[in-house]
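S.K.: what's the 3D shape of this:
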Amino acid sequence: MGLMKLKRIGVLSVAKFYGAIGVIIGFVIGFFIALFSLFLAVLPMKSAGMFAGLGILAIIIVPLFYGMILFIAGAAGAWFYNVFAGWIGPVEIELE
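M.R.: Below is the predicted model of the structure:
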């Protein structure tokens, strides 16, 4: 098939892809934060109860945060690729 040129990348499609990956990574990280918070919640301390709420909050907030950050990063990366590909030429890939 030979060398083909990747002239342009869809900014929104890359952003959605990276955002979805960010949500999955954030959920995994949030799960471990929740697990650690559950461990801290059973310790005999005065403020141990707040750690249980932190764990539940981590499962919601962390995936949203990572999803937003990677959505923005994916959109920026695709946009920069499009700009630089216009200036210096596209990436060449070989497909079979």
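S.K.: Tell me where this protein has strands.
M.R.: Listed in chain order, the strands of the chain (DSSP state E) span 3-6, 91-94.
S.K.: I'd like these written out as TSV, with mean neighbour count, mean pLDDT and distance to residue 45 added.
M.R.: The C-beta positions use only the backbone N, C-alpha and C, and glycine is treated the same way. What follows is these, written out as TSV (neighbours: other C-beta atoms under 10 Å; pLDDT from 0 to 100; distance: least, C-beta to C-beta, whole Å):
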stretch	mean neighbour count	mean pLDDT	distance to residue 45
strand 3-6	10	89	55
strand 91-94	10	89	55
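S.K.: contacting residues for the residue most central in space within the chain?
M.R.: For the chain, the residue nearest the mean C-alpha position is residue 22 (2.0 Å; C-alpha atoms, centre = their mean). Shown in contact with residue 22 (C-beta atoms under 8 Å, 6 or more residues apart in numbering): 63, 66-71.
S.K.: on that earlier part again, need the strands of the chain in CSV (columns: distance to residue 54).
M.R.: As requested, the strands of the chain are exported to CSV (distance: least, C-beta to C-beta, whole Å):
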stretch, distance to residue 54
strand 3-6, 44
strand 91-94, 44
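S.K.: No further queries at this time; thank you.
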